[in-house]
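>>> Quick one, what's the 3D model for this:
(one chain, ligands or ions: 1)
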Amino acid sequence: MRLVKLIANLGYGSRKEITQAIRNGWVTDRDGKTLKADAKTPHEDILFDDEPLDPPQGMVLLMNKPVGYTCSIKDQGRLVYDLLPDRYRLRKPVLSTIGRLDKETSGALLFTDDGTFLHTVISPKSEVPKIYEAELDRPMTGKEAEIFASGEMMLESETKPLKPAELEVLGEKRARLTLHEGRYHQVRRMFAAVGNHVTALSRTHVGGLDLDGLAEGEWKHLTEEEKAKIFR
Ligand code: URA
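Predicted coordinates:
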């Protein structure tokens with residue numbers, strides 16, 4: 001891909017702006033040599049304004065989403081994209097979240113610009129479990145684990161029962177729940193269906209991938225090894 005298109009697709013500016021940036025000498029290789037528009041320099045050796053270029057298509061990010069941020073690229077209020085560099089919103093192909101978390105849910109949220117990878121993670125065939133920790137309004141009754149694991153639980157206005165989910169009691173009003181599918185507001189609706197109310201919810205794992213010490217609002221690029229953990 002030509003240098004102008006490559007850099008413009010990463011969101012650094014319009015093609016016109018990148019053409020001008022190249023003319024201004026802002027695009028160099030690692031030795032400081034100014035690159036021309038027809039340069040064939042490998043992606044990892046290109047610097048823009050003395051900084052290495054963002055990764056090419058195929059990047060996967062993990063964010064510890066804070067409460068109060070919406071998983072949307074354009075919506076009212078605070079958005080998860082506000083926590084990333086502005087140019088990430090302008091990338092082509094688009095950087096999407098892999099699934100969603102509610103505005104009031106925190107924790108592990110993945111992003112990618114690789115459609116095949118996105119579909120692999122969300123495909124039921126991949127069987128990627130998601131683990132949540134919930135704080136509850138009321139003590140549990142002791143029946144929840146059996147109901148959630150039954151494979152027969154129906155949520156209001158749905159026609160198919162939920163797949164079995166595993167509940168681990170962490171305290172009188174604290175539970176860990178492992179889901180094998182992703183229905184709308186699933187955790188909150190499951191507890192509501194057994195007469196309880198989730199007061200705080202966080203996703204700790206997507207497959208075998210955890211937050212690995214990321215603080216709320218922080219994010220990182222995943223290595224190949226970390227990406228593989230999702231499917232373990
Ligand atoms: N279940 C919920 O209720 N909310 C989420 O964000 C994810 C799962």
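>>> Those residues of the chain touching the ligand, which are they?
Leu101, Asp102, Thr105, His185, Gln186, Val187, Arg188, Leu201 (C-beta under 6 Å from any ligand atom). Every residue, glycine included, has its C-beta placed from N, CA and C.
>>> what sits against the last one?
Leu201 is in contact with Asp102, Glu104, Thr105, Ser106, Tyr132, Glu133, Ala134, Glu135, Val187, Arg188, counting by C-beta atoms under 8 Å, 6 or more residues apart in numbering.
>>> Now, of these, which are buried?
Asp102, Thr105, Ser106, Tyr132, Glu133, Ala134, Val187, Arg188 (16 or more other C-beta atoms under 10 Å).
>>> nearest to Lys74, of these?
Minimum distance to Lys74 across those is 17.8 Å, recorded for Asp102 (C-beta to C-beta).
>>> Confirm that closest one sits in a strand?
No - according to DSSP: H, G, I helix; E, B strand; the rest coil, Asp102 belongs to no strand; its state is coil.
>>> Quick one: residues contacting it.
His185, Arg188, Leu201.
>>> Over to Val80?
Val80 neighbours (C-beta under 8 Å, 6+ apart): Met63, Lys65, Tyr69, Thr70, Cys71, Ser72, Thr97, Leu109.
>>> care to break the chain down by domain?
3-52, 60-124+210-229, 129-206 (automatic domain parsing).
>>> where do the strands sit along this structure?
Taking DSSP state E to define them, one finds strands in the chain at 27-29, 46-48, 51-52, 60-65, 96-97, 105-112, 130-136, 166-171, 174-179, 198-206, 209-210, 219-221.
>>> Compile these into a markdown table and extend it with columns for mean pLDDT.
A markdown table is the format used below for these (pLDDT from 0 to 100):
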| stretch | mean pLDDT |
| --- | --- |
| strand 27-29 | 97 |
| strand 46-48 | 98 |
| strand 51-52 | 96 |
| strand 60-65 | 98 |
| strand 96-97 | 98 |
| strand 105-112 | 98 |
| strand 130-136 | 98 |
| strand 166-171 | 98 |
| strand 174-179 | 98 |
| strand 198-206 | 98 |
| strand 209-210 | 98 |
| strand 219-221 | 98 |
